[in-house]
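Undergrad: Need the 3D shape of this:
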Amino acid sequence: MSLTFPFRPYRPERHAPQVMLERAEQFFHEMDARRSVRNFSPEPVPRVLIEWAVRTASTAPSGAHRQPWTFVAVGDPELKRQIRLAAETEERQSYEGGRMPDDWLEALAPLGTDWHKEYLEIVPWIVVVFEALHGHQADGRIRKNYYTKESVGMACGLFSAALHHMGLCTLTHTPSPMGFLGRLLGRPNHERPYSFPSATRPRTARCRTCAARGWTKWRSGTRLVCGWRSSPAMEPSIFVALALDEAS
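TA: Presented below is the predicted three-dimensional model:
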């Protein structure tokens, strides 16, 4: 069996144990300051920051190095409105139509969430992450992907960490079902919505951190541009679809 990928020596930087401990503590404290927030600022976020976060996400390990993810960043106001309305339709059924069992609603009660998702129109970017169930060979044949959920989950974690490192915040939203996202964004049938975090700054004057660690309490023409960036040296490929305005 011949190898397709080129291989090269891997020589990570070596650190003394004390330096490793310092780096570990510094990274922990930085990530421990991350919070999910629900009161956002409409302040613009440069598109290049989202692109760098996607590049970071693409360094995640994946089954057979298939990188089974697509990140679709949406900044168009009308498209964000359509996403909000569709998400609220599904969420209302979940909260008030009996989809969610009582124990789930009880678990969410301390967070004060409901089916209203007006923030989806406030945030400058909604980033929808799709899980690719399979890919395609050069000749059009289906190419199976492996461990897709695990791979995409790790990529999403790195995406969130990258945004936090920049000083941005996120709220990951996963309404069920999420099929409307594929329809609104024109994605192929073999891509399944996985999650859609927002990327923005918090409206700090109205956002308070709960005493419970990791919780946050709060008071209550366009065109679609798609492109591949890849490297023959086995560096991560990135697919980003961005809703831009014509002036971009």
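Undergrad: In this protein, what helix or strand scores lowest on average pLDDT?
TA: Ranked by mean pLDDT, DSSP states H and E, the helix or strand of the chain with the weakest confidence is strand 222-229, at a mean of 32.
Undergrad: Then residue 71 would be within a strand, right?
TA: Yes: according to DSSP: H, G, I helix; E, B strand; the rest coil, residue 71 belongs to a strand.
Undergrad: how far away is it from residue 136?
TA: Residue 71 sits 19 Å away from residue 136, taking Cβ to Cβ, to the nearest Å as the criterion. Where C-beta positions appear, they are placed from N, C-alpha and C, glycine not excepted.
Undergrad: So the two - more neighbours on which side?
TA: residue 71 (26 against 12; other Cβ atoms under 10 Å).
Undergrad: thought that one was touching residue 54?
TA: Yes: because the distance of 4.7 Å satisfies Cβ atoms under 8 Å, residue 71 is recorded as touching residue 54.
Undergrad: Which parts of the chain are helices?
TA: 17-32, 47-57, 77-96, 102-108, 119-122, 148-166, 179-185 (DSSP state H).
Undergrad: just so I know, which of those helices lies nearest residue 40?
TA: Closest to residue 40 of these, according to Cβ to Cβ: helix 119-122, at 5.1 Å.
Undergrad: Now do that closest one: distance to the chain's middle.
TA: Put simply, helix 119-122 sits 16 Å off its chain's centre (Cα atoms, centre = their mean, to the nearest Å).
Undergrad: So which bits of it are buried?
TA: Burial within helix 119-122, assessed by neighbour count using 16 or more other Cβ atoms under 10 Å, is assigned to 119-120.
Undergrad: Could you name the helices and strands sitting against that helix?
TA: helix 77-96 (3 or more Cβ pairs under 8 Å, 6 or more residues apart in numbering; DSSP states H and E).
Undergrad: which parts of the helix it packs on are buried?
TA: 79-80, 82-84, 86-88, 90-95.
Undergrad: Could you dump the residues you listed into a markdown table and include distance to residue 128 and pLDDT?
TA: Listed next are the buried residues of helix 77-96 as a markdown table, based on distance: Cβ to Cβ, whole Å; pLDDT from 0 to 100:
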| residue | distance to residue 128 | pLDDT |
| --- | --- | --- |
| 79 | 10 | 94 |
| 80 | 11 | 94 |
| 82 | 12 | 96 |
| 83 | 8 | 95 |
| 84 | 13 | 95 |
| 86 | 12 | 95 |
| 87 | 11 | 94 |
| 88 | 16 | 95 |
| 90 | 14 | 93 |
| 91 | 16 | 93 |
| 92 | 20 | 94 |
| 93 | 20 | 93 |
| 94 | 19 | 92 |
| 95 | 22 | 92 |
